[in-house]
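> please work out how this folds:
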Amino acid sequence: MSSTEADLTAPHPEPGAEGNGQSASPIDVLTPRNVPLGGPRAMTVRRTLPQRARSFIGAWCFADHYGPDNVADSGGMDVAPHPHTGLQTVSWLFSGEIEHRDSLGTLAYVRPGELNLMTGGHGICHSEVSTPSTTVLHGVQLWVALPEADRNAPSAFQHHVPRPVALDGGEVRVFLGSLAGDTSPVPTHTPLLGAELTLLPHATVTLAVDPAFEHGVLVDRGEVLMAGTALRRAELGYLEPGHATLTLTNTGDTPARTVLLGGTPFGEQIVMWWNFIGRSHQDIAEAREAWENADGRFGAVEGYPGDRLPAPVLPNATLAPRGNPPLRQGA
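This is a model prediction of the structure:
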C-alpha cells in the first residue's frame, strides 16, 4: 500500500497520545488518525504507526487498519504501481481479496488468513487492487523497517498460510515469529512477532512472550483489556520489554479480534518519507529521483491497466532521522 502522507517522520498531534510515557499503567494507548488513500471515493485507513508518541514496535514502523468497507460505497482498493525501499510490506486481510503485482513478475492474491510479505530492499514497485469478487474489504497493512545491514537487500516476495492454533479462550494464527508453540517459516531480518489473535466472549488469555520483545496489540473488533488497560477498536496498546507474559481479556459478549505485533527494540534511526525508508535525506532524494526518472532501480509492474504513481515533491527542509523515545525502564 502506498502512503499518501509524504513526510511520515513529522510529528502528528494525537488525541490522548501526549503524556503516554508518564502513565502509571504499563500500557501506552496509541490512538489512530484517519488517512484517506485518495481517489474520488477515498478509502480511509486508521493509522496508529508512526506517530508522535512512537515510531516503532520492534521493527514494525507503519500500521494501517481499514474496513470493513463496502466496496460498492468506497470503490475498494486501487493503488497504482508505486515504489518501496528499505522496508518490507506485510499484508493481512480479514475479508476480501487483493491482487498483488510487482516488478519481480509476481502475480499473487492477498486473502484472509494468508500472509503476503514483500521485501523492498534496494528497490521494488508493486500495485494493489481489490478483486471484482470482493464486496467487503477489511484488513491491515504493515511495514517493517530493514536494519542498516539489510536495507539494500535484494527484493523478494513470500507467501505463507499459518495454521490456526487453539487457545484456552481463543485462537491464534502466527504469521511471523513464534507464539503459543507455533513458528512461522518466513525469515525476518530482525526478531519479530506477528499474529492474529481472536478471543471468545468474556475470555481471558495469558500468553508466554519473549521478555526481550516490546509488544503492541491492535484491536480490530470488540473491546479488549491489555494487562488491565482498556483498548477500543482501532487503538494500539504498547508494552515495553521486560514482561514474560501478556494477558488479554475480551470484555464483550461477542468474539474480539486483535493483531499482535512484537520485536526487539529497533535501535536505529530512520528517515521515512512517502514509500521510502533511508537513513538520510540524501537516501530519500536519490530514491525519489530514480523513481521519477524510471532508471531501472525499481523495475516495472506488468499487467496493471494504468499509469504508475508519481512521487510527491520533496519538502524544502531537510528530512531528519527519527527513532523511539527512551524506554521507561531504561532497557
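> could I get the full set of strands for the stretch 201-331 of the chain?
204-208, 214-221, 224-226, 229-231, 236-239, 245-250, 256-263, 271-273, 276-278 (DSSP state E, counting those that start in this stretch).
> give the rounded mean pLDDT of the fourth one.
Translated: strand 229-231. Confidence for strand 229-231, expressed as mean pLDDT, is 98.
> cool, and the first one?
In this model, strand 204-208 has an average pLDDT of 98.
> got it, and the last one?
Mean per-residue pLDDT for strand 276-278: 98.
> what packs against that strand?
helix 281-292 (3 or more C-beta pairs under 8 Å, 6 or more residues apart in numbering; DSSP states H and E). Quick note: C-beta positions are derived from backbone N, CA and C, even for glycine.
> what does the second one give?
Here strand 214-221 is seen to pack against strand 60-70, strand 236-239, strand 245-250, strand 256-263 when contacts are counted using 3+ C-beta pairs under 8 Å, 6+ apart.
> circling back: nearest to Thr89, out of the strands of the stretch 201-331 of the chain?
Closest to Thr89 of the strands of the stretch 201-331 of the chain, according to C-beta to C-beta: strand 276-278, at 11.2 Å.
> re the thing from before, redo the helices and strands packed on strand 214-221 as TSV? Include mean pLDDT.
Below are the helices and strands packed on strand 214-221 laid out as TSV (pLDDT from 0 to 100):
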stretch	mean pLDDT
strand 60-70	96
strand 236-239	98
strand 245-250	98
strand 256-263	98
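> dump these into JSON lines; add distance to Glu223 and mean neighbour count as well.
JSON lines is the format used below for these (distance: least, C-beta to C-beta, whole Å; neighbours: other C-beta atoms under 10 Å):
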{"stretch": "strand 60-70", "distance to Glu223": "15", "mean neighbour count": "22"}
{"stretch": "strand 236-239", "distance to Glu223": "12", "mean neighbour count": "24"}
{"stretch": "strand 245-250", "distance to Glu223": "8", "mean neighbour count": "19"}
{"stretch": "strand 256-263", "distance to Glu223": "7", "mean neighbour count": "25"}
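> among those, which comes closest to Asp295?
strand 60-70 (25.7 Å).
> still on that earlier bit, do you know which of the strands of the stretch 201-331 of the chain lies nearest Gly75?
Of all those, strand 214-221 comes closest under C-beta to C-beta, at 21.8 Å.
> report pLDDT for Ala331.
Model confidence at Ala331, given as pLDDT, is 47.
> same thing with Ala24?
Ala24 carries a pLDDT value of 67.
> next, count neighbours for Leu200.
By the criterion of other C-beta atoms under 10 Å, Leu200 has 16 neighbours.
> spit out the contact partners of Phe94.
Counting by C-beta atoms under 8 Å, 6 or more residues apart in numbering, Phe94 touches Gly67, Pro68, Pro112, His138, Gly139, Asp220, Arg257.
> can you redo the residues you listed as TSV with distance to His202?
Shown next, in TSV, are the contacts of Phe94 (distance: C-beta to C-beta, whole Å):
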residue	distance to His202
Gly67	25
Pro68	23
Pro112	25
His138	24
Gly139	26
Asp220	18
Arg257	15
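> which single one of the residues you listed is nearest to Thr119?
Closest approach to Thr119 among the contacts of Phe94 (C-beta to C-beta): Gly139, at 19.7 Å.
> helix or strand for the closest one, which one?
Using DSSP states H and E, the element containing Gly139 is strand 136-145.
> between the strands of the stretch 201-331 of the chain, which one is closest to Glu286.
From the strands of the stretch 201-331 of the chain, taking C-beta to C-beta, the stretch that ends up closest is strand 276-278, at 8.2 Å.
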